[in-house]
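**Student:** Turn this into a model:
(chains A and B)
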Amino acid sequence: MFFDSQPGAITELLTGRSLASREIISRTAGRTARFQTAGLCRGDRVFVQYGNKPEFFVDLLAVWYSGASLVPIDSRLTAYEVENLARAVAPRFMLTDSPADAAILSGLTALGVQVIDTRDWDDRHFPSAFPMRCQTYLDDEALILFTSGSTGIPKGVVHTHRSLRARWFSLREALGIEAHHRTLCLLPTHFGHGLICNSLFPWLAGQHLVIAPPFSTTALMQLGAVIDEHKITFLSSVPSMWGLALKASKPPLGKTLRRVHCGSAPLSAHLWRQIQQWSGTNEVFNAYGITETGSWVAGTSVAGFVPEDGLVGVPWGAVIKILKSADAGAPFDVDLQCRAEEPGYIWLNTPALMRGYHAQPELTDQVISGGWFFTGDIGVADQRGWLYLKGREREEINKGGMKIYPADIDAVAERFDRTREVCAFALEDPLYGQSLAMAIVLQDDADATVRELHAWMKVHLADYKVPLHWYRVESLPRNSRGKVSRKDVAAFCAQRLPLDLQTILKAK
Amino acid sequence: MEREKTKSELINFVRTIQRPDCPLDDIDGDLSLVKSGLIDSLALLQIISYLEQTYGIDFREKGVDPADLASVNAILELIERESGA
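**Tutor:** The predicted model follows:
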């Protein structure tokens, strides 16, 4: 089950609490027995509402040992969103480590999901040796990571143990493991980048993982001291984290840091050079990855690279082709391959490719053709074969590295009884890269209606998905075929003033 | 008197970066700006820039103690300390 003979130690940054490798194995055995007693079987699914702490990793191993798959859930999701995801994948358990929200509890119970507060579990009386043969089979489902559809039809990326191992072997081949000897994870563990690559890749290969709360501002403002104190050799990141770290934290002095990755959002050459200077290493790699490919699939691990806007570098365990075609329905045709420097659509071939989207074969067929994955990204390869990203065709808003799908926002606002039309879109944002805005056509002009819609959105959407900028318009702009384009709506709203939400909401 | 003026200016600034649905008037001076949901965590960067530009505090030299930015009162104390008041 481990990528190497045993997992590494884990230290929780917030408390300083550490679990040695032996203790992790012993606790995993106890927890496996506990799961078995509770009725967990091979093929079951388990929601976990907490992450970024040692117990999450113990539970992940115990779930896998039992032959079940883990579905990490963002703890900020509303009861409505959690229920929607549960309806899609029918988990046997949801594990929580805090008093369950009453609405979540009743919704899941109605769906037949057993909610377990693991704080109530005392594993001391359970065996410290594994109670059964490991039930893990390579082609079994290991992880489901939801990338969108928390309010509509959920898009759950299914990874098997085989696809995950393929990712980790590929990374070891491309990057080695030595630089990851003491790894810091500041990214959320319900997120492919944070879980599969930043945490599991080194930790399951026996390296020491230091785990922090996701995007912890305390850790970022003292990042240099954290690196020195824990002798961190590696960390991964998203660009938006660096604004705070570079401004507020003194650089590390201990010279332990060997490598830094930055991914999940475009990294400008300017910021890239600043990170190199601050961290004291030139090995700051722009890492390109997609949840569907087990995250990192390419990066700038090439000698003598110089930071450039859009530079991604070379594949890590994948073949990358730039094609003129975006059609996964048509047979993959190599004649459609672009020449060097000619932009086109990025396609990937990797053994780490997901099995597919959970229970959505048609959606899967739209992105996979003959084993090739259509990324939805636009790029070019230069004469050396290095990849450069030039844009994205995927419909997603990248708020500080967290992907938000505007269709999820539309789906909630549309269900409000006084909404006529709605279109969520991205606005440029100095802090987060992009932030979320919404154009809305309401049945009336009353501020009270705006307040009620806002309350409706807060009930159905996690806070970070509620748009901060609202534009009340007479109608949405449409193209000659009558279609609404998010880009056109963004341009249309740029000529208008947003609602003064602060004043409107305060008036309640 | 000076502290009240500084506080009023600081609150006016926070008003420009706060989330729209969190009434600033109700926030106690000791309440955590981030934990209370008044501002996004990364908006601390905007507060740092405000302190640099308005009071000339150079954080590059000394770094930032997160506790100094936790609440309106903590920030006021930081300003007073740094300006030698």
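**Student:** For the closest residue to residue A:216 other than its chain neighbours, grab the count of nearby residues.
**Tutor:** Beyond its immediate neighbours in the sequence, the residue positioned closest to residue A:216 (C-beta to C-beta, 6 or more residues apart in numbering or on different chains) is residue A:186, lying 6.3 Å away. For glycine as for every other residue, the C-beta is placed from the backbone atoms N, C-alpha and C. Burial of residue A:186, expressed as a neighbour count using other C-beta atoms under 10 Å in any protein chain shown, amounts to 25.
**Student:** how about residue A:186, what does it touch?
**Tutor:** With contacts defined as C-beta atoms under 8 Å, 6 or more residues apart in numbering or on different chains, residue A:186 is in contact with A:212, A:214-216, A:219-220, A:235-237, A:241.
**Student:** Among those, name the ones in strands.
**Tutor:** Taking DSSP state E as the definition of strands, these contribute A:235-237.
**Student:** right, quick check: the helix or strand bottoming out on mean pLDDT in chain B against chain A, any contact?
**Tutor:** The weakest-scoring helix or strand in chain B, judged by mean pLDDT, DSSP states H and E, is helix B:59-62 (a mean of 78). Yes. Applying C-beta under 8 Å from any C-beta of the partner chain, one finds helix B:59-62 touching chain A at B:59-60, B:62.
**Student:** Next secondary structure element downstream of that helix?
**Tutor:** Tracing the chain C-terminally past helix B:59-62 and defining elements by DSSP states H and E, one meets helix B:72-82 next.
**Student:** average pLDDT for that following helix?
**Tutor:** With pLDDT averaged residue by residue, helix B:72-82 scores 93.
**Student:** Show me what the least confident helix or strand of chain B packs onto, helices and strands only.
**Tutor:** Counting contacts by 3 or more C-beta pairs under 8 Å, 6 or more residues apart in numbering or on different chains; DSSP states H and E, helix B:59-62 packs against helix A:239-248, helix B:44-55.
**Student:** How far does that helix sit from its chain's centre?
**Tutor:** The offset between the C-alpha centroid of helix B:59-62 and the centroid of the whole chain comes to 17 Å, using C-alpha atoms, centre = their mean, to the nearest Å.
**Student:** picking up where we left off before, now, of the ones in strands among the contacts of residue A:186, which are buried?
**Tutor:** Of all the ones in strands among the contacts of residue A:186 considered here, the ones buried according to neighbour count by 16 or more other C-beta atoms under 10 Å in any protein chain shown are A:235-237.
**Student:** Tabulate those (a markdown table), appending distance to chain B.
**Tutor:** As requested, these are arranged in a markdown table below (distance: C-beta to the nearest C-beta, whole Å):
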| residue | distance to chain B |
| --- | --- |
| A:235 | 17 |
| A:236 | 17 |
| A:237 | 13 |
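**Student:** which one of the contacts of residue A:186 sits closest to chain B?
**Tutor:** Proximity of these to chain B, judged by C-beta to the nearest C-beta, is greatest for residue A:215, which lies at 6.3 Å.
**Student:** And stretch A:10-28, what's buried?
**Tutor:** By 16+ other C-beta under 10 Å, the buried positions in stretch A:10-28 come out as A:10-13, A:19, A:21, A:24-28.
**Student:** Between those residues, which sits nearest chain B?
**Tutor:** residue A:13 (13.0 Å).
**Student:** Show me where the chain dips below the pLDDT cut-off.
**Tutor:** Answering for chain A, as no chain was given. Along chain A, the parts satisfying pLDDT under 70 run over A:1-5, A:331, A:508.
**Student:** my question was about chain B
**Tutor:** Across chain B, residues meeting the criterion (pLDDT under 70) sit at B:1, B:23-27, B:85.
**Student:** circling back: with respect to chain A, which of the residues of helix B:59-62 next to chain A is nearest?
**Tutor:** Each of the residues of helix B:59-62 next to chain A was scored against chain A by C-beta to the nearest C-beta, and residue B:59 proved nearest at 5.8 Å.
**Student:** correct me, but that closest one touches residue A:248?
**Tutor:** Yes. Under the criterion of C-beta atoms under 8 Å, residue B:59 makes contact with residue A:248 at 5.8 Å.
**Student:** Grab the most central residue of chain A for me.
**Tutor:** residue A:191 (2.6 Å; C-alpha atoms, centre = their mean).
**Student:** Residue A:400 is in contact with that residue, correct?
**Tutor:** No. With contact defined as C-beta under 8 Å, residue A:191 does not reach residue A:400; the gap is 11.6 Å.
**Student:** next structured bit after the helix or strand harbouring residue A:409?
**Tutor:** In this assignment (DSSP H and E), residue A:409 forms part of helix A:406-414. Heading C-terminal from helix A:406-414, the first helix or strand you meet, by DSSP H and E, is strand A:419-429.
**Student:** Could you export the helix or strand following that next one as CSV, CA atoms only?
**Tutor:** Moving toward the C-terminus from strand A:419-429, the next helix or strand (DSSP H and E) is strand A:433-442. Extracted in CSV, the C-alpha atoms of strand A:433-442 (Å, rounded to 0.1, in the frame of the first residue of the first chain):
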residue,chain,number,x,y,z
GLY,A,433,-5.4,36.6,-9.7
GLN,A,434,-9.1,36.3,-10.4
SER,A,435,-12.2,36.9,-8.3
LEU,A,436,-15.8,36.0,-8.8
ALA,A,437,-18.5,38.4,-10.2
MET,A,438,-22.0,37.9,-11.3
ALA,A,439,-24.4,39.7,-13.7
ILE,A,440,-28.0,39.3,-12.6
VAL,A,441,-31.4,40.1,-14.1
LEU,A,442,-34.0,40.2,-11.3
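**Student:** can you tell if strand A:433-442 touches chain B?
**Tutor:** No. Residues of strand A:433-442 are not located near chain B by C-beta under 8 Å from any C-beta, the shortest gap being 9.6 Å.
**Student:** what does the very next helix or strand once past that strand rub up against?
**Tutor:** Later in the chain than strand A:433-442, the nearest helix or strand by DSSP H and E is helix A:447-460. Outside of helix A:447-460, the residues that reach it under the criterion C-beta under 8 Å, 6+ apart are A:78, A:80-81, A:151, A:409, A:412-413, A:415-416, A:418-419, A:440, A:442-443, A:466-467, A:470, A:472, A:499, A:501, A:504-505, A:507-508, B:21.
**Student:** Now, of the residues you listed, which are buried?
**Tutor:** Listed as buried from those are A:78, A:80-81, A:151, A:409, A:412-413, A:416, A:419, A:440, A:442, A:466-467, A:470, A:472, A:499, A:501, A:504-505, B:21; burial here means 16+ other C-beta under 10 Å.
**Student:** Buried residues in stretch A:414-432, which are they?
**Tutor:** Neighbour-count burial for stretch A:414-432 flags A:416, A:419, A:421-427, A:429, A:431-432 (criterion: 16+ other C-beta under 10 Å).
**Student:** can you check stretch A:487-500 too?
**Tutor:** Applying a neighbour-count criterion of 16+ other C-beta under 10 Å, the buried positions in stretch A:487-500 are A:488-490, A:492-493, A:498-499.
**Student:** hey, what's in contact with both of residue B:59 and residue A:248?
**Tutor:** Taking C-beta under 8 Å, 6+ apart as the contact definition, residue B:59 and residue A:248 share the neighbouring residues residue B:48.
**Student:** So residue A:410 is in contact with residue A:421, correct?
**Tutor:** No. Residue A:410 is not in contact with residue A:421 according to C-beta under 8 Å; the separation is 9.3 Å.
**Student:** on that earlier part again, tell me which residues of the least confident helix or strand of chain B come out buried.
**Tutor:** Judged by neighbour count using 16+ other C-beta under 10 Å, the buried positions of helix B:59-62 are residue B:59.
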